[in-house]
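here is a sequence with its predicted model. Questions after.
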Amino acid sequence: MCSFIRGWLIFHRFGAKKRKKSANVPRSRQTLCSCNSFEILTVDKESDNDPDFASDDVSKPDTSASENSDVEELTVVTNEELANLLPSKTAPFPGARKTGKKTTTTGAKPKRKRMEKEMECTPVTGAPSAPTAETSTGSTTVNDPIPESVTLEPSSSGIPAKKSSEKHNPIYHFYENVPNNAEGKPGQDGDKHYRCYHGSRKIFTITKAMCTSLNGLIGHLKTTFPLHYRLYKVLKARNGPPTMEELLFAANKKTMDASVAATYLQSLEHASNNLVKAFEKQSNNAAQKAMGKWDQSKFENLLVDWLAGNDQPFEEVERPEFTALLEYTHC
């Protein structure tokens, strides 16, 4: 056993010395010959430093970096120059003002909200000044003071309401609008209640389903107050507005008895008859002016020319229809 251990130690010591010697020996560069791939050639290290094969890059040193470093100079900007340059970068160019072009952004807030925000951010040091209205023309903005006497009222739609051009039914002159129905209740949404000025002052309700039908109001006036119903018919047939006296009669502020009603209605009928006669006379005068004065002889000559020109038989003049035509024209 001891001999085995001793032999193993000697073997390892000898192997370590051999490896150390082989490590100290420099290895030579070997290249293969072109003629024989199995032949090994030895190349010396000094052959790499042959001056005949030196490149241009090695022989000529690069001086561009040194030249650039000498030419370039460091530019230092002082704080004063930097402060003078800042306003020119932030201020708008003069040409942009003259063009008058406006830039729009998708997230732009309304003008009123922007003004309110600026007023909140700006501290108030004195008395409040008069409000101004901004009116822009092109690129210039002018602030015109608004008089204190002018009051601006908001409008829901922004468009002034147009006056209704529909003809007002004269039946409403005989009734007044009330908030409650006959039972003293407002009723459903859309119901309208009217109370008659005459008699027991009966209340009528026009519901939304009735589509503003006035048959109930007209029927009550026709059956209960015939004189006022005749006045209603006169007012409805007239194109103009009612007179003050007619409004007093309709609102029961002036009593209409039998004698007053007869006189008043007679005057109305007389005026209407005179108006009808005036229209008839005007239409007759217009027809006569269009046709001219009647000339019987001219009519007969034209009739004879028509008979001869169209080769009408002589029996045509003896027919009873033709005779009746001539007799009517002679009248």
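Looks like it arrived, so ask away.

His251: neighbour count?
Quick fix: residue 251 reads Ala, not His. Counted with other C-beta atoms under 10 Å, the neighbours of Ala251 add up to 14. Every C-beta, even on glycine, is put in place using the N, C-alpha and C of the backbone.

excluding sequence neighbours, find me the nearest residue to it.
Excluding the flanking residues, the one nearest Ala251 by C-beta to C-beta, 6 or more residues apart in numbering is Tyr197, at 5.3 Å.

give me the below-cutoff pLDDT ranges for this protein.
Low-confidence segments of the chain (pLDDT under 70): 1-3, 12-75, 87-167, 265, 267-279, 286-293, 330-331.

swap the cut-off to 80 and go again
Across the chain, the ranges flagged by pLDDT under 80 are 1-79, 81-167, 256-296, 299-300, 304, 307-318, 322, 325-331.

show me the domain layout of it.
If you go by automatic domain parsing, the domain ranges for the chain are 170-256, 294-330.

helices along the stretch 151-300 of the chain, start to end?
Counting by DSSP state H, counting those that start in this stretch, the stretch 151-300 of the chain has these helices, from start to end: 215-224, 226-237, 244-250, 258-291, 296-309.

who's in contact with the residue nearest to Ala251?
By C-beta atoms under 8 Å, 6 or more residues apart in numbering, Tyr197 lies in contact with 174-176, 250-252.

backbone torsions only: list them for it.
phi -80, psi -20 (degrees, to the nearest 10).

from Val304, how far out is it?
Between Tyr197 and Val304 the distance is 71 Å, computed by C-beta to C-beta, to the nearest Å.

just to revisit the earlier point, now the residue nearest to Ala251: how far from Tyr264?
For Tyr197, the distance to Tyr264 (C-beta to C-beta) stands at 17 Å.

turn the helices of the stretch 151-300 of the chain into CSV, including mean neighbour count and distance to Ala182.
Below are the helices of the stretch 151-300 of the chain laid out as CSV (neighbours: other C-beta atoms under 10 Å; distance: least, C-beta to C-beta, whole Å):
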stretch, mean neighbour count, distance to Ala182
helix 215-224, 15, 12
helix 226-237, 17, 21
helix 244-250, 16, 22
helix 258-291, 11, 29
helix 296-309, 11, 71
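
relative to Leu9, which of these is closest?
Comparison of the helices of the stretch 151-300 of the chain against Leu9 by C-beta to C-beta identifies helix 215-224 as nearest, at 139.2 Å.

what does the closest one rub up against?
For helix 215-224, contacts defined as C-beta under 8 Å, 6+ apart pick out 171, 174-175, 194, 196, 198-199, 202, 204, 206, 228-229, 232.

can you redo these as TSV with distance to Pro241?
TSV is the format used below for the contacts of helix 215-224 (distance: C-beta to C-beta, whole Å):
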residue	distance to Pro241
Ile171	15
Phe174	16
Tyr175	18
Tyr194	21
Cys196	22
His198	21
Gly199	26
Lys202	27
Phe204	24
Ile206	24
His228	18
Tyr229	19
Tyr232	14
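
which single one of those residues is nearest to Glu80?
Of all the contacts of helix 215-224, Ile206 has the smallest distance to Glu80: 86.3 Å, by C-beta to C-beta.

near that closest one, how many other residues are there?
Ile206 has 18 nearby residues by other C-beta under 10 Å.

with adjacent residues omitted, what lies nearest to it?
Excluding the flanking residues, the one nearest Ile206 by C-beta to C-beta, 6+ apart is Lys192, at 4.8 Å.

and the one you found, what does it touch?
Residues in contact with Lys192 (C-beta under 8 Å, 6+ apart) are 177, 205-206, 212.
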